[in-house]
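Colleague: Need coordinates for the following:
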Amino acid sequence: MAFEIINPDVFGARPSGWNHGMLSNKGGRLLFVAGQIVPVGDFVTQWDGALGRVLEVVRAAGGTPENVGRMVVYVTDRPAYLANLTPLGEVHRKHMGRHYPAMAVVEVKSLVDSQALVEIEAIAVL
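Modeller: Numbers count the residues shown, from 1 in each chain. Predicted structure coming up:
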């Protein structure tokens, strides 16, 4: 699946590590990946595990990381997210290469599993 990346010029500088929009080709099938957690380890370890689980679902459906058009990441600690941008970028590239879907990062009070610091959900087009 090849996406057309949509980053309107009126928004100014191109985003880094994500895109404003990802336009899929007609006829693709949508895969909605439920929120994934790995409630063990530190912030970066949990992000790594959750993203790995998301991609396992995508692969099980016959896709690749490049099929992911949107991700939503829920974090319980915004300062930890901001403090770990460099290692999180390394984790992203390990799993996704240079593919950057449309993405939102949302700070939440807590997740259902009290040990979880990160939960990632996604939409892929296959």
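
Colleague: So for the residue nearest the centre of the chain, what's the pLDDT?
Modeller: The centroid of the chain falls nearest to M71 when counting by C-alpha atoms, centre = their mean (3.9 Å). pLDDT for M71: 97.

Colleague: residues contacting it?
Modeller: Residues counted as contacts of M71 (C-beta atoms under 8 Å, 6 or more residues apart in numbering) are V54, P101, A102, M103, A104, I120, E121, A122, I123. Bear in mind the C-beta positions are built from the backbone N, C-alpha and C, glycine included.

Colleague: for the fifth one, helix, strand, or coil?
Modeller: Three states are possible here, and by DSSP: H, G, I helix; E, B strand; the rest coil the one that applies to A104 is strand.

Colleague: Quickly note the distance from it to A124.
Modeller: Distance from A104 to A124, counting by C-beta to C-beta, to the nearest Å: 16 Å.

Colleague: higher neighbour count, these two?
Modeller: The residue with more neighbours, out of A104 and A124, is A124; 28 against 10, by other C-beta atoms under 10 Å.

Colleague: And the pLDDT for the more buried one?
Modeller: Looking at A124, its pLDDT is 94.

Colleague: now N19
Modeller: At N19, pLDDT is 86.

Colleague: Contacts only, for it.
Modeller: By C-beta under 8 Å, 6+ apart, N19 lies in contact with I5, I6, N7, Y100, P101, A102, M103.

Colleague: Out of the residues you listed, which one has the weakest pLDDT?
Modeller: If you rank the contacts of N19 by pLDDT, I5 sits at the bottom with 81.

Colleague: In this structure that residue contacts G21, no?
Modeller: Yes - taking C-beta atoms under 8 Å as the definition, I5 is a contact partner of G21 at 7.4 Å.

Colleague: Identify the contacts common to the two.
Modeller: With the criterion set as C-beta under 8 Å, 6+ apart, the contacts of I5 and G21 do not overlap.

Colleague: Now do the biggest helix by length in the chain: everything it contacts.
Modeller: In the chain, ranked by residue count with DSSP state H as the criterion, the top helix is helix 43-60. Here helix 43-60 makes contact (C-beta under 8 Å, 6+ apart) with 31, 33-34, 36-41, 64-65, 67-68, 71, 73, 75, 77, 80-81, 84, 87-88, 91-92, 94-96, 116-122, 124.
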